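Chemist: Fold the stuff below for me.
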Amino acid sequence: AEMTGQRFDGDAALNAGKFQNGLVPLGSVAHGGSNLFEFDQRAIEILRSTLDLAKSNYTDDQPELANSYYYLARATGGCARKWDEGISLMRQSIALRRKIHGDRSPEVALNYNFLGYMLNNIGQHDSAIAYLDRALSIRREKSATDDIELSHVLFNLASAHEKKGALSKSLELHLESLRIRQGRLGDEHATVSNSVTAIGAVYQRFGNYDRALDFYQKGLETRIKTLGPDHNNVAASYYTIGNLYSGMFNYHQALQYFQQGNRILSMNSGGANDILATYLAYTGRLYAKIGDHPSAVQYLKDAQAMAEKVLKKDHPYLAIVYNIAGDYYSDLQDLSKANGYYSKAISIYRIAYGAASVREGDVYSKLGQTYAASGDYDKALATYNQALAIFDAKMGTRNVKSASTHHAAGIALTHQKRFPDALESYRKAFA
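Modeler: Now for the predicted structure:
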């Protein structure tokens, strides 16, 4: 998904130096582009103060209060990844804007779009699609067919359908979004590169790796031209292409692209930041894939040390690092270490996303595979059932994650010679 619009910058707010009725003007708290890598955490503190002052100075029927909720929701949810808080704040902004502007106003469409973006990121894809469909309906009614805000809604809706596995629908929406962006912004624009890269991701999901690589390379070239060769979004493109090569089992080529991304992030962050920590962990996994376990372990240790240094103990990016370490030790059949890291990841996911989130389900699914590989099919099946309970509750009974887990359970049941049960699991997998 894409956090479109403005990025928040504490320095911009502080340097503006202008206060009206004791409030920092919202426009001064943000400035152009959507670059999550460069998010300034101090902006959240400023936006919280802005909201507190807005509550004291404005009534519910004045747009300034609704705007304050909206911008703080974007910062806490979209940038800081505090999804539950962001969603709660966005819902409060929606209630106020509907009262002020009406149910089908462009202002409300903005809220629906960003709420859908956040819900999509925590795995609530059906709810995300429902809100994004509302936003799209309003935009099609109120906006021109080439309106850039329409393209943002199309982009996020495409992402939600992709995560649901509706790849053809996703591609259709992404292509419409791309046409609008190219028409309004030209081919060489950072926002256009986001669309091009997202289309590459859909082709990758289709298994059309050559087509995906074409789009990824175009996205990379556009980012280098528009942002410069050492921009963090260029690093993001390197990681995307590296991930594609990894999926093609070309781990040496993948490593080259990951190291390019690592170099940029390290240079731009003074050698340590949260995003870099996660990609150091991914780099370690790539070294493991080529059999270089000493390098793999060193990268995983470096990633963990960096993440624990720069992140709070309940930050989702720290969970990603623990998760990747768990995957590494799972592959080595070191169940004790794998369980230790997976348990740490689950504890963080429960704090960050609430109990029984889709991410927690993902960990249970992988843990089940670890048990199955060791021959402990009873534990494997129990863990698969934990994953299925979460996936079915959060995503509905017909989704890609549940299907994959049913298939894995079928294999475990086959090994136990429980053939009728195995057949039922396979039936559910392919339903």
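Chemist: List the residue ranges of the chain that fall below the pLDDT cut-off.
Modeler: 1-41 (pLDDT under 70).
Chemist: Now do residue 116 against residue 132, distance only.
Modeler: To residue 132, residue 116 is 4 Å away according to C-beta to C-beta, to the nearest Å. Backbone N, C-alpha and C define where each C-beta goes, glycine included.
Chemist: Same check on residue 360?
Modeler: Counting by C-beta to C-beta, the gap from residue 360 to residue 132 is 24 Å.
Chemist: more crowded one of the two?
Modeler: residue 132 (30 against 25; other C-beta atoms under 10 Å).
Chemist: so the more buried one sits in a helix?
Modeler: Yes. Counting by DSSP: H, G, I helix; E, B strand; the rest coil, residue 132 is located in a helix.
Chemist: related to what we said a few turns ago, anything in contact with each of residue 116 and residue 132?
Modeler: Residues touching both residue 116 and residue 132 (C-beta atoms under 8 Å, 6 or more residues apart in numbering) are 156-157, 160.
Chemist: in stretch 260-279, what's buried?
Modeler: 260-262, 264-266, 268-269, 272-279 (16 or more other C-beta atoms under 10 Å).
Chemist: ok, and the closest non-adjacent residue to residue 106?
Modeler: Spatial nearest neighbour of residue 106, excluding adjacent residues (C-beta to C-beta, 6 or more residues apart in numbering): residue 142 at 5.4 Å.
Chemist: tell me the contacts of that neighbour?
Modeler: Neighbouring residues of residue 142 by C-beta under 8 Å, 6+ apart: 104-106, 109.
Chemist: By neighbour count, which of those wins?
Modeler: So for the contacts of residue 142 (other C-beta under 10 Å), the most neighbours sit at residue 109, 28 neighbours.
Chemist: which element is it on?
Modeler: Using DSSP states H and E, residue 109 maps to helix 106-121.
Chemist: So what's the gap between stretch 156-166 and the chain middle?
Modeler: How far stretch 156-166 lies from its chain's middle: 12 Å, per C-alpha atoms, centre = their mean, to the nearest Å.
Chemist: Same check on stretch 209-219?
Modeler: With C-alpha atoms, centre = their mean, you get 20 Å for stretch 209-219.
Chemist: what's in contact with that stretch?
Modeler: 193-194, 196-197, 199-201, 203-204, 237, 240-241, 244, 247-248.
Chemist: Mind checking which of the residues you listed are in helices?
Modeler: Among the contacts of stretch 209-219, the members falling in helices (DSSP state H) are 193-194, 196-197, 199-201, 203-204, 237, 240-241, 244, 247.
Chemist: can I get those residues in TSV with distance to residue 125 and neighbour count?
Modeler: Listed next are the ones in helices among the contacts of stretch 209-219 as TSV, based on distance: C-beta to C-beta, whole Å; neighbours: other C-beta atoms under 10 Å:
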residue	distance to residue 125	neighbour count
193	25	27
194	20	23
196	23	25
197	20	24
199	19	24
200	21	27
201	15	22
203	20	20
204	18	20
237	25	27
240	21	21
241	26	25
244	23	21
247	22	13
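Chemist: Any chance of TSV for those residues, columns distance to residue 401?
Modeler: Shown next, in TSV, are these (distance: C-beta to C-beta, whole Å):
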residue	distance to residue 401
193	29
194	25
196	27
197	23
199	23
200	22
201	17
203	21
204	18
237	27
240	22
241	25
244	21
247	18
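Chemist: Looking at the residues you listed, spot the one nearest residue 385.
Modeler: residue 247 (28.5 Å; C-beta to C-beta).
Chemist: where's residue 58 relative to residue 332, distance?
Modeler: 58 Å.
Chemist: Between those two, point out the one with more neighbours.
Modeler: Set residue 58 next to residue 332 and count neighbours by other C-beta under 10 Å: residue 58 wins out with 18 against 13.
Chemist: Phi, psi for that one please.
Modeler: phi -130, psi 150 (degrees, to the nearest 10).
Chemist: Leaving out the residues flanking it, which one is nearest to residue 421?
Modeler: Per C-beta to C-beta, 6+ apart, closest to residue 421 is residue 413, 4.7 Å.
Chemist: now the one you found, what's its secondary structure?
Modeler: helix.
Chemist: For it, the count of nearby residues, please.
Modeler: Neighbour tally, residue 413, other C-beta under 10 Å: 22.
Chemist: next one: residue 342
Modeler: Counted by other C-beta under 10 Å, the residues lying close to residue 342 total 25.
Chemist: Pretty sure it sits in a helix.
Modeler: Yes. Residue 342 sits within a helix when classified using three-state DSSP.
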